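[1] Pasting the sequence and the predicted model now:
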Amino acid sequence: MHQSAAEHPEDAEGNAGDAARTPSPLDEVTFRKVVGRFPTGVTIVTTLSGGVDHAMTVSSFASLSLDPLLVLICVEKIARFHDAVLDAGVFGVSILGEDGEEASRAFARRGRTLEGQFDRWSHRRGTLGLALFDAAVATLECRTTAVHDGGDHSIVVGGVVSARMFRAVPPLVYEQGRYRRMAP
């Protein structure tokens with residue numbers, strides 16, 4: 001049912017924003033622009049599969065449950081990391097601080113060599129033997145409890161086995177295709 005501007009006075013102001021409310025054709029470009037308006041934190045997720053460290057920058061990370069303690073990550077099915085994290089059954093999450101942009105960019109690059117990939121980055125091994133970044137403001141280690149289909153991604157749910165906070169600096173944020181810093 002169509003309602004007139006008189007029925008919704010907040011829409012009757014004639015703001016330039018009216019054009020922004022007009023639906024655009026739904027396609028991948030439009031979708032990416034729309035969801036890009038939602039700022040996210042930036043993490044580097046790690047796993048250890050077959051004795052080889054794997055890592056990937058991930059912004060699709062979220063807390064899921066307090067009872068039990070669960071988080072989730074979304075991993076593109078064609079990413080090399082996808083099969084490694086499913087095979088390993090464990091993953092580590094390093095939540096990056098505002099000074100973590102360089103590391104984020106490095107681990108977002110597809111096809112980089114796995115050998116020596118952590119050489120430039122100060123890190124330590126956690127409880128599960130996973131690489132965790134010292135530049136993180138906080139880290140978690142998880143055991144995979146479920147994997148769900150998410151279109152071209154898999155939604156990997158992990159039960160948290162360790163969680164630590166390290167530095168009192170603002171987190172690195174990503175929004176509209178750019179890294180952002182939180183205002184003090």
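    Looks like it came in fine. All values derive from a computational prediction rather than experimental measurement.

[2] use CA for all of it now, contacts and neighbours both
    Noted.

[3] which SS class is residue 119?
    Of the three states, residue 119 takes coil according to DSSP: H, G, I helix; E, B strand; the rest coil.

[4] Please list all residues in contact with it.
    Residues near residue 119 by CA atoms under 8 Å, 6 or more residues apart in numbering: none.

[5] Please save the CA atoms from the longest strand anywhere in the chain in CSV.
    In the chain, with assignment by DSSP state E, the single longest strand is strand 136-150. Output for strand 136-150, consisting of C-alpha atoms alone and laid out as CSV, is shown next (Å, rounded to 0.1, in the frame of the first residue of the first chain):
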residue,chain,number,x,y,z
ALA,A,136,46.2,-7.3,19.0
VAL,A,137,44.1,-5.5,21.5
ALA,A,138,42.6,-8.9,22.4
THR,A,139,42.8,-12.5,21.3
LEU,A,140,40.6,-15.6,21.4
GLU,A,141,41.3,-19.2,20.6
CYS,A,142,38.4,-21.4,19.5
ARG,A,143,37.5,-25.0,18.7
THR,A,144,35.1,-25.3,15.8
THR,A,145,31.7,-26.5,16.9
ALA,A,146,29.7,-26.1,13.7
VAL,A,147,30.0,-25.0,10.1
HIS,A,148,27.0,-23.6,8.2
ASP,A,149,26.5,-22.8,4.6
GLY,A,150,26.5,-19.1,3.9
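
[6] Skip ahead from it and say which helix or strand is next.
    Following strand 136-150 in sequence order, the next helix or strand is strand 153-165 (DSSP states H and E).

[7] I would like the residues contacting that following strand, please.
    Counting by CA under 8 Å, 6+ apart, 68-77, 82, 90-91, 127, 137-149 sit against strand 153-165.

[8] ok, now which ones touch residue 42?
    57-59, 95-96, 104, 171-174.

[9] repeat that with 7 Å
    Residue 42 makes contacts with 58-59, 95-96, 172-174, as judged by CA atoms under 7 Å, 6 or more residues apart in numbering.

[10] List only buried entries from these.
    Among the contacts of residue 42, the ones that count as buried by 16 or more other CA atoms under 10 Å are 58-59, 95-96, 172-174.

[11] OK, contacts around the residue positioned nearest the centre of the chain?
    Relative to the mean C-alpha position of the chain, the nearest C-alpha, by CA atoms, centre = their mean, is the one of residue 59, at 1.7 Å. Under the criterion of CA under 7 Å, 6+ apart, the contact partners of residue 59 comprise 40-43.

[12] Among the residues you listed, which has the minimum pLDDT value?
    Among the contacts of residue 59, residue 40 has the lowest pLDDT, at 86.

[13] where's the closest residue to residue 172 other than its chain neighbours relative to residue 26, distance?
    Take residue 172 and drop its neighbours on the chain: the residue closest to it by CA to CA, 6 or more residues apart in numbering is residue 98, 4.0 Å away. With distances defined as CA to CA, to the nearest Å, the gap from residue 98 to residue 26 amounts to 33 Å.
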